[in-house]
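Enquirer: Quick one, fold the following:
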Amino acid sequence: MSSKKMKGLILILVVLLVLAIGGYLIADAIISAREKKEAEELASMTLFSFDPLTIDEVTLDTKQGFFRFNVQDSVWAIAETDYKNPITLNPSYISTICSYMGGLTASTKFNADLEKLENYGLADPVVLTCSAGNKDYTLHVGNATPTQEYFYVMVPGNDTVYGIEYEQGVILYGDPQALKTPYMINDTEVDLVEVSLERDGKLVFDMVTKDNHWKMAAPLPNANIVSSEVNSMLTSLTRLMFESYVGVVGDSCKPADYGLSKPYATLTVKNVKGEKTVIDFAKPDPNNGVTHVLLHNTNEIAAMETGHLNFLSVEISEFIEPRLLYLPMNEVKALDVSVDDITFRMELDAETGMQKFNGTDISTLEENAAATFKLLYESVAYLEFDTLDVDAQVDVTAEPAAVFRYTKADGTETQLSLIAIDDTSYYAVIDGEYTHMTVRRRSLSGNTGVLNFYERMMDMSAAE
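Expert: Next up, the predicted model:
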């Protein structure tokens, strides 16, 4: 190739390179300008940007009333309001408001007529302010758009009418109905120290905590309560929610219209602060999906799903230790038993391991004697009640059909006596006091009953 042609080719390549670089710079400038414009547009749509955890006060001025919220004992609470009816606040709702406001970004802008803000609900808006010390973040919330896609909002000092997502607007609008807790009990189960239930005009139970253990105050103050069962019930209760609030009792909202003039049941709980929650329940109808309740604290009527009210039919037997009188073998040195026309004595020494049946050392009997001896003891120690009879009047001085007398390792005695009701059941009496428990005959004579293991021990003793 001649040098002339080579120079021409180089010149062409240089021109193409310059054009390519120029095109790249022009495109890059266009893209940068577009990105800058988009960033500016996004920034113009960002209404607030703050850490929600820094907010220490929230005010909400609605068409129904004014509210001021602050943190009390680490929980959001109503500090001031002129709302005419009491409200049990849902603290998490205020936390949600702070969270939404902290990063609130509009989805669109409207070419609104600022002379006619009433068309957008912004002439008399809901005014929401989140405050962090001396710094206030205020939002004016108007109506929802006709399509319910957005809510109209404005920020003081800015003439732009923005649209925020409908779901955000519903929260930030702050309807007093939305402020109310949806939970039937606004405490956690660990904060509750007393629970009682009345049904059909009669007390079912009243239980209180003592030394981190549940005790029954009434109707059976000496009952041995299984705390885990009570805690399980309370866990379920504190998670139940209302379907809706019907209204405040007054001229247009009467308890009689909702089956509450004579409530079927009343639930009362008390928390560690001494605050009580009292709720009346209409009688649940399994054919009706909703049951109404009356909240004494706020005088409101609410609706609940009928299927969630099974706890109203609970019986105290579900919370009571099923064993009548349980003493482990290592705490007892003798057990004297009398059932029907038989009597026997069991002796135990936890330190030496000695065990005797009617004076015979069981180590001298066959290999299975020790296991049978244990089963015989447990057939007494594990005796369970069948039913509860709270109202029965029992003559505790009557001749018992069965007696189980324990002599404890410390020398003290305690006695379980069974007084016949009829041929198939007994009243249980412990140390001369009626337990309100009944025992079935099969508990004594069945395959796992004391009489069965007594006969087996007798056979082993006779074979010695």
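
Enquirer: C-alpha from now on. contacts and neighbour counts both.
Expert: Noted.

Enquirer: Now the residue nearest the centre of the chain: closest residue in space, sequence neighbours ignored.
Expert: With distances taken as CA atoms, centre = their mean, T238 lies nearest the centre of the chain, 2.7 Å away. Distances taken as CA to CA, 6 or more residues apart in numbering place I185 nearest to T238, at 5.2 Å, with adjacent residues excluded.

Enquirer: what secondary structure does the one you found sit in?
Expert: coil (DSSP: H, G, I helix; E, B strand; the rest coil).

Enquirer: Please apply the same query to I97.
Expert: Quick answer, by three-state DSSP: I97 is helix.

Enquirer: how about the closest residue to it other than its chain neighbours, what does it touch?
Expert: Among residues not flanking I97 along the chain, L172 sits closest, at 6.1 Å (CA to CA, 6+ apart). Contacts for L172 (CA atoms under 8 Å, 6 or more residues apart in numbering) come out as 97, 100, 128, 141.

Enquirer: Give the pairing partners of the host helix or strand of the third one; include direction for each.
Expert: Read that as L128. Element membership for L128 (DSSP states H and E) is strand 126-132. The pairing partners recorded for strand 126-132 under DSSP bridges are strand 57-61 (antiparallel), strand 135-144 (antiparallel).

Enquirer: Tell me which residues of that strand come out buried.
Expert: 126-132 (16 or more other CA atoms under 10 Å).

Enquirer: ok, now stretch 244-259?
Expert: 245, 248, 254-255, 258-259.

Enquirer: Same check on stretch 349-366?
Expert: Quick answer for stretch 349-366 (16+ other CA under 10 Å): 349, 355-358, 361-362, 365.

Enquirer: Before we move on, what's the pLDDT of the closest residue to M216 other than its chain neighbours?
Expert: Nearest residue to M216, sequence neighbours excluded (CA to CA, 6+ apart): M207, at 4.3 Å. As predicted, M207 sits at a pLDDT of 97.

Enquirer: Run through who's touching the helix or strand containing M207.
Expert: Here M207 sits within strand 202-210, counting by DSSP H and E. The contact list for strand 202-210 (CA under 8 Å, 6+ apart) reads 193-198, 214-219, 315-316.

Enquirer: residue contacts, M241?
Expert: Taking CA under 8 Å, 6+ apart, one finds 182-184, 304 in contact with M241.

Enquirer: would you turn the residues you listed into a markdown table with distance to P263 and neighbour count?
Expert: Listed next are the contacts of M241 as a markdown table, based on distance: CA to CA, whole Å; neighbours: other CA atoms under 10 Å:
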| residue | distance to P263 | neighbour count |
| --- | --- | --- |
| P182 | 21 | 20 |
| Y183 | 20 | 16 |
| M184 | 17 | 18 |
| M304 | 15 | 21 |
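
Enquirer: can you put the residues you listed in JSON lines and add distance to Q415?
Expert: Putting the contacts of M241 into JSON lines (distance: CA to CA, whole Å) gives the following:
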{"residue": "P182", "distance to Q415": "50"}
{"residue": "Y183", "distance to Q415": "47"}
{"residue": "M184", "distance to Q415": "44"}
{"residue": "M304", "distance to Q415": "48"}
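
Enquirer: of all the strands paired with strand 126-132, which lies closest to D73?
Expert: strand 57-61 (13.8 Å; CA to CA).

Enquirer: For that closest one, what is the distance to the chain centroid?
Expert: 29 Å (CA atoms, centre = their mean, to the nearest Å).

Enquirer: Stretch 345-358 too?
Expert: Using CA atoms, centre = their mean, the offset of stretch 345-358 from its chain centre is 48 Å.

Enquirer: measure that stretch end to end?
Expert: 5 Å (CA to CA, to the nearest Å).

Enquirer: Make 45 the starting number, not 1.
Expert: Yep, numbering from 45; the last one is stretch 389-402 now.
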